[in-house]
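Peer 1: Using only what follows, build the 3D model:
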Amino acid sequence: MTDDEKKTMSVMAGCISVLLIITISLVVFIILPGEGEVQCMRNKYSCFFAYMPFALIIGCCLFACTLCWHAIHNVRMAELIEDNQVILTSTNISDRTLYNDVKKIVISDDVLFIPDHNFEGCMHLEQVEIYGKTLSIGKNAFFGCQNLREVVIHTENQVAPPGDYAFDGCPLVKILVPYGKINGYKQKWSKYSQCIEALQ
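Peer 2: Residues are numbered from 1 along each chain as shown. From the prediction side, this is the model:
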């Protein structure tokens, strides 16, 4: 997440909190419980200011919760992005804010499919490691990743041939695959057979 995006989120959080304070104040001003309703209707302005502190407290609490969520989100990103790499799971693989500026992506065991266009245009990406049970790579999945030079595949099963244009525009040098599956990959990934080598 860029600094501009963080500033935008903070401003939006502040605006939402102010609107909530105003809304709650108006609700309290109009909808009042019990016997106090008659008294308040006689002196609306006094009633409004009497309930304003409660509305402000509620609004401040909501604002604090928003800031806490923002801080937790930043901590989560800091934990995921380490040494200029990010570990992606099935729940966050499409969250581009996590990997748009990293050099290495690690795709974890629970990812079965890499979606179409998912990493398209990630200009800083240099290496991808695929683990576990990934079965396929969608079309244009890494299209235009101009610095992607190495793909390392650790999967149990052979990954199906990539979708159309999956690695077009990538200066691939190596596609490393398990030793016992190198012939299968060279046959089915024929477009990239010159890049395919066995993992050491």
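Peer 1: secondary structure class for I182?
Peer 2: helix (DSSP: H, G, I helix; E, B strand; the rest coil).
Peer 1: what's the closest non-adjacent residue to it?
Peer 2: Distance criterion CB to CB, 6 or more residues apart in numbering; nearest residue to I182, sequence neighbours excluded, is A198 at 4.8 Å. For glycine as for every other residue, the C-beta is placed from the backbone atoms N, C-alpha and C.
Peer 1: try Q187
Peer 2: Once flanking residues are discounted, Q187 sits nearest to S193: 8.0 Å by CB to CB, 6+ apart.
Peer 1: got it, and G163?
Peer 2: That would be K139: by CB to CB, 6+ apart, it lies 3.2 Å from G163.
Peer 1: Helix or strand: which one has the nearest residue to G184 once chain neighbours are set aside?
Peer 2: Nearest residue to G184 in three dimensions, chain neighbours excluded: Q158, at 5.3 Å (CB to CB, 6+ apart). Q158 is part of no helix or strand when elements are defined by DSSP states H and E.
Peer 1: I figured Q158 hits I182, correct?
Peer 2: No: if you go by CB atoms under 8 Å, Q158 and I182 don't touch, sitting 10.3 Å apart.
Peer 1: helices and strands of this structure: which one bottoms out on pLDDT?
Peer 2: Of all the helices and strands that make up the chain, helix 36-42 has the lowest average by mean pLDDT, DSSP states H and E, namely a mean of 49.
Peer 1: so where's the chain uncertain?
Peer 2: 1-59, 61-83 (pLDDT under 70).
Peer 1: domain ranges for it?
Peer 2: Using automatic domain parsing, the domains assigned to the chain come out as 3-79, 83-198.
Peer 1: Kindly tell me how buried G180 is, as a neighbour count.
Peer 2: Per other CB atoms under 10 Å, the neighbour tally for G180 reads 9.
Peer 1: Correction: the previous question concerned M123.
Peer 2: Count around M123 with other CB under 10 Å applied: 11.
Peer 1: ok, and the closest non-adjacent residue to it?
Peer 2: Per CB to CB, 6+ apart, closest to M123 is Q146, 5.9 Å.
Peer 1: One more: N118?
Peer 2: Distances taken as CB to CB, 6+ apart put A141 closest to N118, at 5.3 Å, once the chain neighbours are dropped.
Peer 1: Now do the contacts for the residue nearest to M123.
Peer 2: M123, G169, C170, P171 (CB atoms under 8 Å, 6 or more residues apart in numbering).
Peer 1: of those, buried ones?
Peer 2: With burial judged by 16 or more other CB atoms under 10 Å, the buried subset of those is C170.
Peer 1: Now flag whichever of the contacts of Q146 is closest to P162.
Peer 2: For those, the minimum distance to P162 (CB to CB) is 10.7 Å, reached by C170.
Peer 1: Verify the stated contact: that closest one with F142.
Peer 2: Yes: here C170 reaches F142: they are 5.7 Å apart, a contact under CB under 8 Å.
Peer 1: who touches both of those two?
Peer 2: Joint contacts of C170 and F142 (CB under 8 Å, 6+ apart) are L148.
Peer 1: got the phi/psi numbers for Q187?
Peer 2: Here the main-chain torsion angles of Q187 (degrees, to the nearest 10) amount to phi -70, psi -50.
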